[in-house]
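**Q** pasting the structure only:
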């Protein structure tokens, strides 16, 4: 009987850690699309974005890069981790710096990402204020985090995503953005 109790406690601790990690670590994907480009809606590059809650209170800001249009959020202290990410392959110390920065970003954004209701987007002479957005939220299968397979295990995260669809030529939203 004590052996079964020990096994049950170990299983509960493993699963509990997975759940804890999933609710305290997250990632936010932001897609800013130019809907005036047909048939493919291209990413808008070099856009500045501000994320706001339902009351218009500032939550975070970011910028889409000039190469791919990937939006990088900027932590008040750690920044956006792009320098650390770029040098992570060069050494173990650089990889550790990237992991530390990523940990800071992932624990910071999970506290507010679900509250985003509006965005301000600014790019190339276009300045859209308080554009409504819907944030989509999903969580990894936290109970499988311990499985030692490359396509299953790994520490679980909560993922947030939102899309902003803009007619770049007219500087207007094309429709209410959806996740």
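**A** It's in. Fair warning: this is a prediction, and the values are worked out from it, not measured in the lab. Numbers count the residues shown, from 1 in each chain.

**Q** Going by C-alpha atoms from here, please, whenever you check contacts or count neighbours.
**A** Noted.

**Q** now residue 87, nearest residue through space, not along the chain?
**A** Distance criterion C-alpha to C-alpha, 6 or more residues apart in numbering; nearest residue to residue 87, sequence neighbours excluded, is residue 94 at 6.0 Å.

**Q** Other residues contacting the longest helix along the chain?
**A** Criterion DSSP state H: the longest helix present in the chain is helix 2-24. Applying C-alpha atoms under 8 Å, 6 or more residues apart in numbering, the external contacts of helix 2-24 come out as 106-107, 110-111, 139-140, 142-146, 155-158.

**Q** State the mean pLDDT of that helix.
**A** Model confidence over helix 2-24 averages 88 on the pLDDT scale.

**Q** Kindly report the same for stretch 63-79.
**A** In the prediction, stretch 63-79 has an average pLDDT of 89.

**Q** From residue 91, how far off is residue 159?
**A** 28 Å (C-alpha to C-alpha, to the nearest Å).

**Q** starting at the chain centroid, how far to the longest helix of the chain?
**A** Computed by C-alpha atoms, centre = their mean, to the nearest Å, the separation of helix 2-24 from the middle of its chain amounts to 27 Å.

**Q** on contacts alone, who are the packing partners of the helix or strand following it?
**A** The helix or strand immediately downstream of helix 2-24 is strand 26-34, counting by DSSP states H and E. Under the contact criterion of 3 or more C-alpha pairs under 8 Å, 6 or more residues apart in numbering; DSSP states H and E, strand 26-34 touches strand 42-43, strand 71-74, helix 92-109, strand 158-167.

**Q** Helix or strand with the lowest mean pLDDT in the protein?
**A** None of the helices or strands of the chain scores lower by mean pLDDT, DSSP states H and E than strand 42-43, at a mean of 82.

**Q** Tell me which helix or strand comes right after that strand.
**A** From strand 42-43, the next helix or strand downstream (DSSP H and E) is strand 48-52.
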